[in-house]
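Peer 1: after the sequence you'll find the predicted model.
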Amino acid sequence: MTLPLKLPFAPMEALSVDTIPEGANWQYEPKWDGFRCLLFRDGERVELQSKSGQSLTRYFPELVDAAAALTARRFVLDGEIVVPHGRAFSFDALLQRIHPAASRVKKLAAETPSLLIVFDLLAQDKDDLTGAPLSERRKALDAFAKKVLKGHKTFRLSPATTRLADAKTWLTQVGATLDGIIAKRRDLPYASGNRHGMQKIKNYRSADCVVGGFRFNEGKKTVGSLLLGLYNDEGLLDHVGFTSSLKSGEKKALTDKLKKLIGPPGFTGDKPGGPSRWSTKRSSEWQPLKPKLVVEVCYDHFSGGRFRHGTRLLRWRPDKAPKQCTMEQVVGAKQADLMKLLK
């Protein structure tokens, strides 16, 4: 017997929307901030596939070993790889797991073990479940989890609800540590490779940041991005991210304005382009600015002392004193215990 689904298999994706869809045919789940993963087990063989179809198998040996030890021998799970850190998850620690050295992979697997949050069952034994509606697949997943995954620390079942009130609670009360929510149509099959029937609603918040530096557009002498800073508890200005959502027609005037403020040190705490295996030559090519300018930016997630994704410039804040731009804006919210959401 072999699995009915073959590698690589394109996972279902989500369409970004601004509001939570409503109706009896919608199921809601937390949006986990990790690596999307399809886990294939076919007898003795276990494979982990990324969202882009690449193999993750060698980077997470603890997941492979745990899957190989399960009583079920043939199945395909859809889920998210995360690395627990206290009551939440560390995306920075997760990034470090993608390392070329086998010795380093083994060491990190022991020091920062991952877990797989499971939210769909795509195949079991000889049965391809992708043609069944989500309502049936979720029942099958619940039964699989109860029989095969129950009590296993490496595999956790993602919660799901049809109650809009629960979804709104996840989106607001868990906003400090959760990436958002996912809405899925319960009456539709698994749409491999497209976004039909699945939507994501992210948490978007704003913060006032000091412009501690900037980078030129590559090969040009106009500003390409603003480097953002927030003051930490020691009063030092830490680099926390960037924004490149600058209007083309305003770049020349903005460049002239920024050039007049160039001066060290720019950031007095954490600086851009710190040494890491993710750094590039361009990481260190930035111009420090005197801490005079403040901008309000929109962001969706803050972890590890940085905005996880690029931010969007909302407006300039000449009315705001730079010293008022502190870390409390992004880390002062109540941190929810994400581990308690998992079964």
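Peer 2: Happy to help now that I have it.
Peer 1: for the protein, which residues score under the pLDDT cut-off?
Peer 2: Counting by pLDDT under 70, the chain contains low-confidence residues at 1, 173-177, 274-284, 332-337, 343.
Peer 1: for it, identify the residue most remote from the centre.
Peer 2: Relative to the C-alpha centroid of the chain, counting by Cα atoms, centre = their mean, Lys260 is the outermost residue, at 37.0 Å.
Peer 1: next SSE downstream of the longest strand along the chain?
Peer 2: Longest strand in the chain by number of residues, with DSSP state E as the criterion: strand 205-216. Once the chain leaves strand 205-216, the next helix or strand it forms, by DSSP states H and E, is strand 223-231.
Peer 1: ok, back up a step: state the distance from the residue farthest from the centre of the chain to Ala167.
Peer 2: Computed as Cβ to Cβ, to the nearest Å, the Lys260 to Ala167 distance reads 48 Å. For every residue, glycine as well, the C-beta is placed using N, CA and C.
Peer 1: ends of stretch 123-137, what's the gap?
Peer 2: Here the two ends of stretch 123-137 are set 9 Å apart, with distance taken as Cα to Cα, to the nearest Å.
Peer 1: chain center to it: distance?
Peer 2: On the basis of Cα atoms, centre = their mean, to the nearest Å, stretch 123-137 sits 27 Å off its chain's mean C-alpha point.
Peer 1: so for it, what gets flagged as buried?
Peer 2: Neighbour counts over stretch 123-137 (16 or more other Cβ atoms under 10 Å) mark Ala123, Gln124, Asp127, Leu129, Thr130, Ala132, Leu134, Arg137 as buried.
Peer 1: swap in stretch 187-206?
Peer 2: Result for stretch 187-206 [16+ other Cβ under 10 Å]: buried residues Leu188, Pro189, Tyr190, Ala191, Gly197, Met198, Gln199, Lys200, Ile201, Lys202, Asn203, Arg205.
Peer 1: pull the most distant pair out of those.
Peer 2: Pro189 and Arg205 (35.0 Å; Cβ to Cβ).
Peer 1: mind checking what secondary structure Arg36 has?
Peer 2: Using DSSP: H, G, I helix; E, B strand; the rest coil, the structure places Arg36 in strand.
Peer 1: for it, which non-adjacent residue is spatially closest?
Peer 2: Distance criterion Cβ to Cβ, 6 or more residues apart in numbering; nearest residue to Arg36, sequence neighbours excluded, is Lys51 at 4.0 Å.
Peer 1: could you give the bridge partners of Arg312?
Peer 2: Cys298 (DSSP bridges).
Peer 1: what about it, distance to Val331?
Peer 2: Where Val331 is concerned, Arg312 sits at a distance of 20 Å (Cβ to Cβ).
Peer 1: next: Pro133.
Peer 2: Distance, Pro133 to Val331, by Cβ to Cβ: 41 Å.
Peer 1: hang on, the earlier thing: which helices and strands does the longest strand of the chain pack with?
Peer 2: Applying 3 or more Cβ pairs under 8 Å, 6 or more residues apart in numbering; DSSP states H and E, one finds that strand 205-216 contacts strand 223-231, strand 237-243, strand 287-288, strand 294-299, helix 328-331.
Peer 1: quick one: that strand to chain centroid distance?
Peer 2: 21 Å.
Peer 1: pull out the buried residues from that strand.
Peer 2: Within strand 205-216, judged by 16+ other Cβ under 10 Å, the buried ones are Arg205, Ala207, Asp208, Cys209, Val210, Val211, Gly212, Gly213, Phe214, Arg215, Phe216.
Peer 1: what does stretch 142-149 rub up against?
Peer 2: With Cβ atoms under 8 Å, 6 or more residues apart in numbering as the test, stretch 142-149 has contacts from Leu70, Thr71, Ala72, Phe75, Val118, Leu121, Gln124, Phe155, Arg156, Leu157, Lys343.
Peer 1: from the residues you listed, keep the buried residues only.
Peer 2: Buried, going by 16+ other Cβ under 10 Å: Leu70, Phe75, Val118, Leu121, Gln124, Phe155, Arg156, Leu157, out of the contacts of stretch 142-149.
Peer 1: nearest to Gly43, of the residues you listed?
Peer 2: Proximity of the buried ones among the contacts of stretch 142-149 to Gly43 (Cβ to Cβ) peaks at Phe75, which lies at 11.0 Å.
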